[in-house]
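Colleague: Next input, structure requested:
(one chain, ligands or ions: 1)
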Amino acid sequence: MTLEQAREKLAKYGQGHVLKYYGELSQKERQSLLDQIEATDMSILEACRHREELTRKGKITPLKAMQLQEIEACRESFTATGLEVIRQGKVGAVLLAGGMGTRLGSDDPKGMYNVGITKELYIFQCLIHNLMDVVRQAEKWIHLFVMTSEKNHDATAAFLKEHGYFGYKEEFVHFFKQEMAAATDYQGRIYLEDKGRLSTSPNGNGGWFSSMKNNGLLDFVQKQGIEWLNVFAVDNVLQRIADPCFIGATIQKNCVVGAKVVRKNAPDEKVGVMCLEDGRPSIVEYYELTRELMNARDENGEPAYNFGVILNYLFHEKELENMMTSRMPLHVVEKKIPYLNDAGEFVNPQEPNGYKYESLVLDMIHQLESCLPFEVERNREFAPIKNRTGVDSVESARALLQANGVEL
Ligand code: UTP
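Modeller: A predicted model of the protein is given here:
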């Protein structure tokens, strides 16, 4: 993109200020800034002016989860179905590791965090070990797709290579980078993080499927005959990945997506809960859950919205292709964004100072026809690491790992 074209694009979106330091930049820096301006979707930024409308929900009603008792009764049959499709090479796993992990506060990608105490045990290592259990059970390697972002790609790829993919077969590990989105102040003006760089952050975990496509991996998935993609977060060190029983249950129930859920430990626990929204499967975030919904009961007197999602979903790949045409909803999220102030000084704010623009994987559920909420025992499969201490932290995850017999 030439300087003239950049000016034109910026003028259209009221972002001309990002060229403020252009005259001070080297030739190389200028080119990189122009490239960034070209690549940035500025049309989304006006969304900050109607944030509330973006996430308005329809009519919420309960959606029944498949609970532990039923799962136990059918475990053998579900597992047999799941193992069969894994052995046919029809299952892939997608690790979402493009996030910034700001709450954990480590400079490295979250998966590189060492949760060990007397020995090294990295988050990536825990996840790969869990997946390896299934590889051994099925006697079949499962393609593992790892989503990174511009911010953490090199470190992630180098770390996994250096550690020999923790025993995973290299040709079954595929990386792809997610796209970035600009971050703005409260008026929607893009921040600069440097004189020649727009402030950007990964565009949310909902971009995983289109990023796979843009990186050519969807062709690979189709050529391999992969029909199911198990998408999971980097931070839950206890989760079971490509779990044959979960896969078998989703298939036997004729659902196009399965969602692992845990029974909530309190009505106001901070997890998104499964529900129906205008008759379609959906997830209502904890901050959207009204008192009325929180206290609602089903016909058996049980809490009607009692199953929280843990970011472990099994998607039928064909359904996602069909969905590509409709645009994912955008979430405008208030965050702390490092920026250059008017005097050109770098500021690392202690309080939120603007918005990031993200799409979320949970919004994909609402676009699909049928979803199976599949209960898992929280003490055995849910140990998320969001913070260093307290709730959902390194501390709590260590205790859960130990309770499950993992040596730290
Ligand atoms: P979180 O919502 O916990 O965000 O991500 P985060 O960036 O890891 O952490 P904080 O909020 O900055 O502390 C849930 C999952 O989605 C992935 C994360 O890597 C994690 O596995 N994710 C999140 C992405 O892959 N890309 C994103 O843009 C955001």
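
Colleague: Return the residues of the stretch 201-350 of the chain in contact with the ligand.
Modeller: For the stretch 201-350 of the chain, the contact set with the ligand under CB under 6 Å from any ligand atom comprises Pro202, Asn203, Gly204, Asn205, Ala233, Val234, Asp235, Leu311. Any C-beta I mention is one placed from the backbone N, CA and C, and that applies to glycine too.

Colleague: buried sites along stretch 158-169?
Modeller: Going by neighbour count (16 or more other CB atoms under 10 Å), the buried part of stretch 158-169 is Phe159, Leu160, His163, Tyr165, Tyr168.

Colleague: what packs against the lengthiest strand in the chain?
Modeller: When the chain is parsed with DSSP state E, its longest strand is strand 307-316. If contacts are counted by 3 or more CB pairs under 8 Å, 6 or more residues apart in numbering; DSSP states H and E, strand 307-316 sits against strand 228-233, helix 244-252, strand 257-263, strand 273-277, helix 362-366, strand 371-375.

Colleague: Of these, which is nearest Leu68?
Modeller: Ranking the helices and strands packed on strand 307-316 by proximity to Leu68 (CB to CB) places strand 371-375 first, at 5.3 Å.

Colleague: ok, residues contacting that closest one?
Modeller: Strand 371-375 has contacts (CB atoms under 8 Å, 6 or more residues apart in numbering) with 63-68, 71, 246, 249-250, 253, 255-263, 274, 281, 307, 309, 365.

Colleague: filter those to the buried ones?
Modeller: Buried members of those, scored by 16+ other CB under 10 Å, are 63, 65-67, 71, 246, 249-250, 255-263, 274, 281, 307, 309, 365.

Colleague: my read: Met42 touches Ala11, true?
Modeller: No: Met42 is not in contact with Ala11 according to CB atoms under 8 Å; the separation is 10.8 Å.

Colleague: helices and strands around the lowest-mean-pLDDT helix or strand in the chain, which ones?
Modeller: Of all helical and strand segments in the chain, the minimum by mean pLDDT, DSSP states H and E falls on helix 51-54, at a mean of 79. Helix 51-54 sits against strand 331-335, with contacts defined as 3+ CB pairs under 8 Å, 6+ apart.

Colleague: from the middle of its chain, how far away would the strand it packs on be?
Modeller: 15 Å (CA atoms, centre = their mean, to the nearest Å).

Colleague: helix or strand right after it?
Modeller: Going down the chain from strand 331-335, the next helix or strand is strand 339-340, by DSSP states H and E.

Colleague: returning to what we had before: now the least confident helix or strand of the chain: buried residues?
Modeller: Buried residues in helix 51-54 (16+ other CB under 10 Å): none.

Colleague: Can you check the distance spanned by stretch 105-114, start to finish?
Modeller: Stretch 105-114 has an end-to-end distance of 13 Å (criterion: CA to CA, to the nearest Å).

Colleague: Stretch 146-159 too?
Modeller: End-to-end for stretch 146-159, by CA to CA: 13 Å.

Colleague: Give me the residues contacting that stretch.
Modeller: Residues outside stretch 146-159 that contact it (CB under 8 Å, 6+ apart) are 94-100, 108-109, 111-112, 122, 124, 160, 173-178, 180, 200-202, 205, 208, 211-212.

Colleague: Give me the residue ranges of this protein where confidence is low.
Modeller: The model of the chain has pLDDT under 70 over residues 324-326.

Colleague: Check it for the residue nearest the ligand and tell me.
Modeller: Nearest residue of the chain to the ligand: Gly99, at 2.5 Å (CB to the nearest ligand atom).

Colleague: On the strand side of things, show who Val231 bridges to.
Modeller: Val94, Tyr313 (DSSP bridges).

Colleague: Pull up the gap between the closest residue to Met323 other than its chain neighbours and Ala6, please.
Modeller: With CB to CB, 6 or more residues apart in numbering as the criterion, Met323 has its nearest non-adjacent residue at 5.0 Å, and that residue is Gln367. Look at Gln367 and Ala6: by CB to CB, to the nearest Å, they are 35 Å apart.

Colleague: now Gln178
Modeller: Taking CB to CB as the measure, Gln178 falls 24 Å from Ala6.

Colleague: which of those two has more neighbours?
Modeller: Each of Gln178 and Ala6 has its neighbours counted (other CB atoms under 10 Å); Gln178 has more, 26 against 22.

Colleague: That one contacts Pro202, correct?
Modeller: Yes: under the contact definition of CB under 8 Å, Gln178 touches Pro202, with a separation of 5.4 Å.
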